[in-house]
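A.B. asks: Sequence and predicted structure below; questions after.
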Amino acid sequence: MGLFDVVFHGSDEMYEKARIAVRETIEKLGEDAPVAFGGTAYSLACIKAYTGVEVNNLAELREALAPIRAMMTRNYRTADVFHSGIATVMAAEVIEACKYAVNPHPYGDSDNPNENKYHGHMVDAEVRELGVPLVTRDIPGFVVLIDEAPTDELAVSLIKGYQSRGIFVFLLGGIIDQAMRMGLKMGFPVRVVPVGPDIIAVSHIISLVVRAAFIFGNIQPNDYVNMNRYTMDRIFAFVNAFSPVSDMTVACGAGAIAMGFPVITNETKDMNWRVPKSLVINTNVEQWIDCSLECRGIKLKITKMDVPIACSSAFEGEIIRKADMRLEADGSRKDCLELVRTLDVHDIEDHRITLVGKDIDEFDVGEKICMATVVEVGGVKMQPDFEPVMERKIHTFINCLEGIMHTGQRDLIRIRVSKAAYSAGFRLKHFGELLYAKIKNEYDAVVDKCQVTIYTDPEKVHELRVEANKIYDARDARVSKLTDESVDVFYTCILCQSFSPSHVCIITPERLGLCGAVSWMDAKATNQLDPNGPCQVVTKEKVVDESIGIWEDVNEAVSKYSHGALEQVSLYSIMTDPMTSCGCFECICGIEPFSNGVVIVNREHTGLTPLGMTFSELASQTGGGVQTPGFMGHGRHFIPSKKFMKAEGGLARIVWMPKALKESVAEKLNANAKELYGIENFADMIADETVVEGDPDALVAYLTEKGHPALEMEPMM
């Protein structure tokens, strides 16, 4: 049987399974039973992407079978093979939807999918969580590993090989059992996701991909050509399939190739049709990593460093439990700190790593220690403004080490070293080796020399903490004086254009990037470190209306860097030409008409807002680099800014936020509300999910009781 026939047979097989699943599920639940995966605003994303059909109940799911079947054409042409492949994935989504209709947790009882054997459906928040690491290339690509590898050892070697290169790993079928037998850590936080027990679960991976196109690329439903162009150009994924490969897997592989994702396999049976860099037969599985990266055009920048454990962005979400901990530096209990400071290059011995105090093996197992990390840098172009930028990166750098956990910054850090990392030979000097290599690599434009000193001597660490806090306070005082009026320039940030081609962030002192990761100081440093990079200078000399944030030169910059997609932006308005959103935003605000205010919800909150929508549903109203008056994506630290919605009355418009989010911004929010409106404890006037959830009438009643100022303000609509 030829390859085309294998694809067609696999499509027929998947479709028949889907047809039977729908029939049996309707017999069990009735055709009006709801169909949903949960945590998404895109109802059956694969079907919606390629047919435009919305599916909300089993009757609609049954009707969706017809356009799926219509795509399974049988002419012996590559276009027919590709269409049948895409249709096979949609048929798989139908089968999975039936499982979720019967049981919302078909792959385990835990509400946290990372605690189940199989993860299954990935929610919109997880898709958005990938936005920043994808655009910064911390995640350079995705691999889907299908079925059982020749040996357990080879399976784990491949997974960890991809993981160490930052590649996000999805697992399907028998390779999951192999990883479990070898004790491999898995889950979304460590970027190795055991999706499901067989090829049918591949629909969850393709669902994530097409939702990324919806969210970041503003690709519209039923746009086959642009969807596949987007996935080919912007989603760097590929497939590794172990023999024996089933016909359904081959059919799904045809769909992957249609989307621009090459398939590498050691299967030779019926593989009589090959496409260079798209369908590759390689019987030497040990060569798959290099082969796959070459086929997908992924080039990795490797930083060499003398550390005995793996270092990759894949380990950033790793949690080190207390039972697995060799020791801990905890700034809330002991003196701890991280500090970057500039010295004259003549006072620095390049690559000098010094330990002052005891090393790991001299402490008791599980002991909490004092620890200070002082990085001293020098260079002709080095400026003190770059110090806090580099300092914040220490968190990211250390978190990339396998078996090491890092949280916080400055003198409120927490570092855990696992027993496994210690057993592999990790010692405190290796923190210095890591930081030296990373800083010299990432900041080579300004850092000519670098030396690192690790302190564990309690008395010395205490002295350094006192000294460091004076430095932190001086920095904070300087930054606190920065306002949009006090600076001569703003900056663009177009990092997200790799996924959202028309989106442009304008970064100001009082409005950070909507992802929350880029402040004005960060943008300034980025521009000086990389003058041709994503952060470009934007002058603010041609004022149109400063009260709502309109400058002619800002508009010129937005038009230029959006390639003409946008013409005007108001930096302080949600209603008049608001800034676009890419999809990476930490929070979204939207008009709540009954209260004459806005609700704000962050990505982590999964419940309903008073608008009757979740974060995912609200976020689907914006994103993709388009302006959507009434909705605005933004960073959480923009919430208490005096420029937040200034055009519509500012902070006084905020009527609802999740409790955790409100508490995180309350101090600055209260201070600015008192200064602007004379209101004490304004955060207490803002409702949260503990008093109101999904009920606008209850929201208005609460606001009336509190005397919230939004009720007396001019209507926004």
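C.D. replies: That came through, no problem.
A.B. asks: number of nearby residues for Tyr100?
C.D. replies: By other Cβ atoms under 10 Å, 18 other residues sit near Tyr100. All C-beta spots, glycine's among them, are computed from the backbone N, C-alpha and C.
A.B. asks: wait, it sits on Tyr107?
C.D. replies: No - contact criterion Cβ atoms under 8 Å: Tyr100 and Tyr107 do not qualify, at 9.6 Å.
A.B. asks: hey, where'd the helices end up in the stretch 351-500 of the chain?
C.D. replies: Using DSSP state H, counting those that start in this stretch, the helices of the stretch 351-500 of the chain run over 387-399, 419-423, 429-442, 458-480.
A.B. asks: contacting residues around the shortest one?
C.D. replies: Judged by Cβ atoms under 8 Å, 6 or more residues apart in numbering, the contacts made with helix 419-423 from elsewhere in the structure are Ile309, Asp324, Met325, Arg326, Ile360, Asp361, Val365, Leu401, Glu402, Gly403, Ile404.
A.B. asks: Show the average pLDDT along that helix.
C.D. replies: Mean pLDDT, helix 419-423: 97.
A.B. asks: name the element the closest residue to Ala517 other than its chain neighbours belongs to?
C.D. replies: Among residues not flanking Ala517 along the chain, Val132 sits closest, at 6.0 Å (Cβ to Cβ, 6 or more residues apart in numbering). Using DSSP states H and E, Val132 maps to helix 131-135.
A.B. asks: list the helices and strands that helix packs on?
C.D. replies: Using 3 or more Cβ pairs under 8 Å, 6 or more residues apart in numbering; DSSP states H and E as the contact test, no helix or strand touches helix 131-135.
A.B. asks: And the helix or strand just after it, what does it pack against?
C.D. replies: For helix 131-135, the succeeding helix or strand toward the C-terminus, using DSSP H and E, is strand 142-146. On a contact count with 3+ Cβ pairs under 8 Å, 6+ apart, strand 142-146 meets helix 152-164, strand 168-172, helix 202-217, strand 237-241.
A.B. asks: Leu58: which of those is closest?
C.D. replies: helix 202-217 (17.0 Å; Cβ to Cβ).
A.B. asks: show me the contacts for the residue nearest to Ala517.
C.D. replies: Asp138, Cys515, Ala517, Cys584.
A.B. asks: Could you write me a ChimeraX select line covering just the buried ones among the residues you listed?
C.D. replies: Selection of the buried residues among the contacts of Val132 in ChimeraX, burial being defined by 16 or more other Cβ atoms under 10 Å:
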select :138,515,517,584
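A.B. asks: to the chain's geometric centre, what's the distance from the lowest-mean-pLDDT helix or strand in the chain?
C.D. replies: One helix or strand of the chain scores below all others by mean pLDDT, DSSP states H and E: helix 131-135, with a mean of 75. Between the centre of helix 131-135 and the centre of its chain there are 6 Å (Cα atoms, centre = their mean, to the nearest Å).
A.B. asks: Same question for that helix: list its buried residues.
C.D. replies: Across helix 131-135, burial judged by 16+ other Cβ under 10 Å covers Gly131, Val132, Pro133, Leu134, Val135.
A.B. asks: Name the nearest of those relative to Lys304.
C.D. replies: After measuring the buried residues of helix 131-135 against Lys304 - Cβ to Cβ - the closest member comes out as Pro133, at 22.0 Å.
A.B. asks: Tell me, how many residues neighbour the closest residue to the closest one other than its chain neighbours?
C.D. replies: Distances taken as Cβ to Cβ, 6+ apart place Ile139 nearest to Pro133, at 4.4 Å, with adjacent residues excluded. The burial metric for Ile139, expressed as a neighbour count using other Cβ under 10 Å, is 21.
A.B. asks: didn't Ile139 look like it was pressed against Tyr162?
C.D. replies: No - applying Cβ under 8 Å, one finds Ile139 not in contact with Tyr162, separated by 11.0 Å.
A.B. asks: any idea how far Gly612 is from Met685?
C.D. replies: 22 Å (Cβ to Cβ, to the nearest Å).
A.B. asks: actually Ile507, not the one I typed
C.D. replies: 33 Å.
A.B. asks: Which one of those two is surrounded by more residues?
C.D. replies: Ile507 (23 against 12).
A.B. asks: element containing the more buried one, please.
C.D. replies: Element membership for Ile507 (DSSP H and E) is strand 505-507.
A.B. asks: Show residues contacting that strand.
C.D. replies: Under Cβ under 8 Å, 6+ apart, the answer for strand 505-507 is 490-494, 496, 513-514, 518-520, 522-523, 535, 538, 554, 557-558, 569, 571, 579, 582.
A.B. asks: now, which of those residues lie within helices?
C.D. replies: Trp520, Asp522, Ala523, Val554, Ala557, Val558 (DSSP state H).
A.B. asks: Can you convert these into TSV and add a column each for distance to Asp530 and pLDDT?
C.D. replies: Shown next, in TSV, are the ones in helices among the contacts of strand 505-507 (distance: Cβ to Cβ, whole Å; pLDDT from 0 to 100):
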residue	distance to Asp530	pLDDT
Trp520	16	91
Asp522	12	86
Ala523	11	90
Val554	21	95
Ala557	17	94
Val558	21	93
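A.B. asks: which of these has the most neighbours?
C.D. replies: Result: Ala523 is most packed of these (other Cβ under 10 Å), 28 neighbours.
A.B. asks: Quick check: bridge partners of the residue nearest to it when sequence neighbours are not counted?
C.D. replies: Distances taken as Cβ to Cβ, 6+ apart place Tyr491 nearest to Ala523, at 3.7 Å, with adjacent residues excluded. Tyr491 has these beta-bridge partners by DSSP bridges: Ile507, Val537.
A.B. asks: residues contacting Tyr491?
C.D. replies: Per Cβ under 8 Å, 6+ apart, neighbours of Tyr491: Ile506, Ile507, Trp520, Ala523, Lys524, Thr526, Asn527, Cys535, Gln536, Val537, Val538.
A.B. asks: again, only this time at 10 Å
C.D. replies: Going by Cβ atoms under 10 Å, 6 or more residues apart in numbering, Tyr491 touches 505-508, 513, 518-527, 534-538, 557.
A.B. asks: and the residues you listed, which are buried?
C.D. replies: Buried positions within the contacts of Tyr491, assessed by neighbour count (16+ other Cβ under 10 Å), are 505-508, 513, 518-527, 534-536, 538, 557.
A.B. asks: Would you mind giving the helices of the stretch 351-500 of the chain as a markdown table with distance to Leu300 and mean neighbour count added?
C.D. replies: Shown next, in a markdown table, are the helices of the stretch 351-500 of the chain (distance: least, Cβ to Cβ, whole Å; neighbours: other Cβ atoms under 10 Å):
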| stretch | distance to Leu300 | mean neighbour count |
| --- | --- | --- |
| helix 387-399 | 17 | 19 |
| helix 419-423 | 23 | 18 |
| helix 429-442 | 13 | 21 |
| helix 458-480 | 34 | 15 |
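A.B. asks: Could you give the separation of the longest helix out of those in the chain from the chain centroid?
C.D. replies: Scanning the chain for the helix with the most residues, using DSSP H, yields helix 3-29. With Cα atoms, centre = their mean as the basis, helix 3-29 stands 34 Å off its chain's centre.
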